[in-house]
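*Asks:* starting from these lines, generate the structure:
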Amino acid sequence: MAKKNKEPGRLAQLLKIYKMTMAADKTAIWWSMLAVALGALSGTVLGATVGQATAVGFVVWIITGSLIGILSGLVVMSRKAERAAYAQIEGQPGAVSAVLRSALKRGWRGSEMPIAVNRNQDAVYRAIGPAGVVLIGEGVRTRVQPLLEDERKKVQRAIPGVAVKFVYVTQDAEGTRLMKLGTTLLKLKRVLTRNEVAAIDKRLSALVTSMPIPKGIDPKRMRAQHR
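*Replies:* Purely as a prediction, here's the structure:
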């Protein structure tokens, strides 16, 4: 009987992420170590000033500072790993799907499935949140523009008056970088309540037709991020 393939353990996953991060950014380990050192140093300084009355207070401050430093180092490595992951898939068809699957939060709704794709694998994705309906174009700006306009008309026919915005994840100077897509969505002006977001999402879900994820990217690859 054939043995089932085992999922890699947590330690193996962390090691893989570390290797990927170091391959993309060799300074990651140094920045992480600096964060650890600063935390430990801060604890020592506070122990020597605030906690100097007792030996226990001195030790507690050092331990606290060291723990904060270790946590800060992990956060730094996590951010570096996230950047490395985005750098690996940026520019590939379907890269936006990975971000929408893993990075949407704070009342945003979206799907990794594109709502429109042309023969060049330029695609349009839709996200719905406090800023309204955001259509995200992926590919070449001149080719994705007509797709965005067509989808805007569909949205406005279904829900007249709803705010529709465009975000271009394109390889030109004015395009939004993949790693900044989540932040860009969160910075957009809020125009809808949570109930309105839910109602619009339900209404527009009826318009979605089943479309394949563009070849070249596996959205599950982004699940390895740790915060």
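*Asks:* looking at the protein, which helix or strand is least sure?
*Replies:* helix 10-24 (a mean of 64; mean pLDDT, DSSP states H and E).
*Asks:* which SSE is immediately downstream of it?
*Replies:* From helix 10-24 onward toward the C-terminus, using DSSP states H and E, the following helix or strand is helix 28-49.
*Asks:* chain center to that next one: distance?
*Replies:* Centre-to-centre, helix 28-49 and its host chain are 28 Å apart (CA atoms, centre = their mean, to the nearest Å).
*Asks:* so how far is residue 152 from residue 129?
*Replies:* 17 Å (CB to CB, to the nearest Å). Just so you know, the C-beta spots here come from the backbone N, C-alpha and C atoms, and that holds for glycine as well.
*Asks:* quick one, which of these two is more surrounded?
*Replies:* residue 129 (24 against 16; other CB atoms under 10 Å).
*Asks:* confirm for me that the more buried one is in contact with residue 106.
*Replies:* Yes - with contacts counted by CB atoms under 8 Å, residue 129 reaches residue 106, the gap being 7.5 Å.
*Asks:* what residues go with each domain of the chain?
*Replies:* The chain breaks down by automatic domain parsing into domains covering 10-89, 95-224.
*Asks:* for the longest one, what is the distance to the chain centroid?
*Replies:* The one in question is domain 95-224. That offset, for domain 95-224, works out to 14 Å (CA atoms, centre = their mean).
*Asks:* helix or strand right after the longest helix along the chain?
*Replies:* The single longest helix within the chain, with elements called by DSSP state H, is helix 55-89. Using DSSP H and E, the next helix or strand after helix 55-89 towards the C-terminus is helix 95-102.
*Asks:* before we move on, back to that, if you count contacts, what does the longest helix of the chain end up packed against?
*Replies:* Using 3 or more CB pairs under 8 Å, 6 or more residues apart in numbering; DSSP states H and E as the contact test, the elements touching helix 55-89 are helix 10-24, helix 28-49, helix 95-102.
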